[in-house]
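Participant: Below are the sequence and a predicted model for it; my questions follow.
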Amino acid sequence: MSVQTITAPNGDRLVVLPEADYLAMQEALEDAADIAAVDAYERQKAAGEAVMIPAAFVDRILDGESKVRVFREFRGLSARDLAGKAEISPSYLSQIESGARDGSFDTMKRIAAALGISVDDLA
């Protein structure tokens, strides 16, 4: 790798390197980030914290559908069943799922617990 340094007018030292070297460094950083993400997933999986859902459900979340509704349907629960398990009214759950109301942190925590997921999965 051939590297050249220059000093900017403000005194900062800058490094100039061939584009191919820069691209190789960038790819190595992306690979490292991917490896870290896989390692984190493997730790969650080993701890029983990883939730694997089919691509069709992921696509619905990516399309902007309510995560609560998607996870509820993935778990095969009716709105009434989930509301009962989370100890909230079915109408409140409906408002959360439709986006008419935000659930309080405590409510979202209870919904997540009833769905067997973390609150982070709903964030």
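Facilitator: Happy to help now that I have it. Given the structure is predicted, the values throughout are model-derived calculations rather than measurements.

Participant: Quick one: name whatever helix or strand follows the one helix or strand Ala20 maps to.
Facilitator: Using DSSP states H and E, Ala20 sits within helix 19-46. Sequence-wise, the next helix or strand downstream of helix 19-46 (DSSP H and E) is helix 55-62.

Participant: So what touches that following helix?
Facilitator: Helix 55-62 has contacts (C-beta atoms under 8 Å, 6 or more residues apart in numbering) with Lys67, Val70, Phe71, Glu73, Phe74. Every C-beta, even on glycine, is put in place using the N, C-alpha and C of the backbone.

Participant: can you give me the mean pLDDT across it?
Facilitator: Helix 55-62 comes out with an average pLDDT of 94.

Participant: So which bits of that helix are buried?
Facilitator: Arg60, Ile61 (16 or more other C-beta atoms under 10 Å).

Participant: now the helix or strand just after it against helix 55-62, angle please.
Facilitator: For helix 55-62, the following helix or strand on the C-terminal side (DSSP H and E) is helix 67-74. Relative orientation of helix 67-74 versus helix 55-62 (axes from the mean of the first three to the mean of the last three C-alpha atoms, to 10 degrees): 160 degrees.

Participant: secondary structure class for Val15?
Facilitator: strand (DSSP: H, G, I helix; E, B strand; the rest coil).

Participant: thought it was touching Gln4?
Facilitator: Yes. When contacts are counted by C-beta atoms under 8 Å, Val15 is listed as touching Gln4 (7.3 Å).

Participant: So which of the contacts of helix 55-62 wins on neighbours?
Facilitator: Using other C-beta atoms under 10 Å as the neighbour test, those are led by Phe71, with 23 neighbours.

Participant: So that residue is in contact with Asp121, correct?
Facilitator: Yes. Because the distance of 7.1 Å satisfies C-beta under 8 Å, Phe71 is recorded as touching Asp121.

Participant: Against Leu23, how distant is Ala47?
Facilitator: Separation of Ala47 from Leu23 (C-beta to C-beta, to the nearest Å) stands at 37 Å.

Participant: Many thanks, I have nothing further to ask.
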